[in-house]
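Colleague: sharing a sequence plus its predicted fold:
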Amino acid sequence: MDKTLFEKIADREIPADILHEDDHCLAFRDINPQAPVHFLVVPRRPIPALVDLTVGDEELMGHLFVVANAVAVKEGISEGGYRTVINCGKHGQQTVPHIHVHVLGGRQLSWPPG
Ligand code: 5GP
């Protein structure tokens, strides 16, 4: 099967500003940032979307959020606060079919989203 865009980033076939890497996931800056700090946390396993999660994925998904916070602390956005987002499917405006957590911070964000 063809690699996803994010698998290609993990395999260094596409360059990215990688902030964190471990056996299960990596975090890198979004190419089109929507906030002063905007990075993605992506599991190495190419689960396409939230709808594809199954029993057994709890630990991995929890790990993504632990890493998201650790990188947010390193990036200096944890004190002011930040937002995590996982877009899912067409209505969620997911564009890359490899599950990922957006982490946005460094400015006041608004709510609700559009
Ligand atoms: P989605 O729309 O699926 O929730 O989020 C996909 C994100 O991936 C978008 O915010 C988009 O800017 C980012 N993205 C798309 N292509 C690349 C790329 O080649 N490199 C990086 N670093 N981010 C990308």
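Modeller: Yep, that arrived.

Colleague: check which element follows the biggest strand by length in the chain along the chain.
Modeller: The longest strand of the chain (DSSP state E) is strand 37-43. The element immediately downstream of strand 37-43 (helix or strand, assigned by DSSP states H and E) is helix 58-75.

Colleague: L26 against R12, yeah?
Modeller: No. The pair L26 and R12 does not pass the contact test of CB atoms under 8 Å, sitting 10.6 Å apart. All C-beta atoms are positioned from the backbone trio N, CA, C, and that covers glycine.

Colleague: looking at these two, which one has more neighbours?
Modeller: Taking other CB atoms under 10 Å, L26 and R12 do not tie; L26 has more neighbours (19 against 9).

Colleague: next, that one: phi, psi?
Modeller: phi -140, psi 160 (degrees, to the nearest 10).

Colleague: roughly how far apart are it and the ligand?
Modeller: 11 Å (CB to the nearest ligand atom, to the nearest Å).

Colleague: going forward, count from 12.
Modeller: In the new count, where the first residue is 12, that last one comes out as L37.
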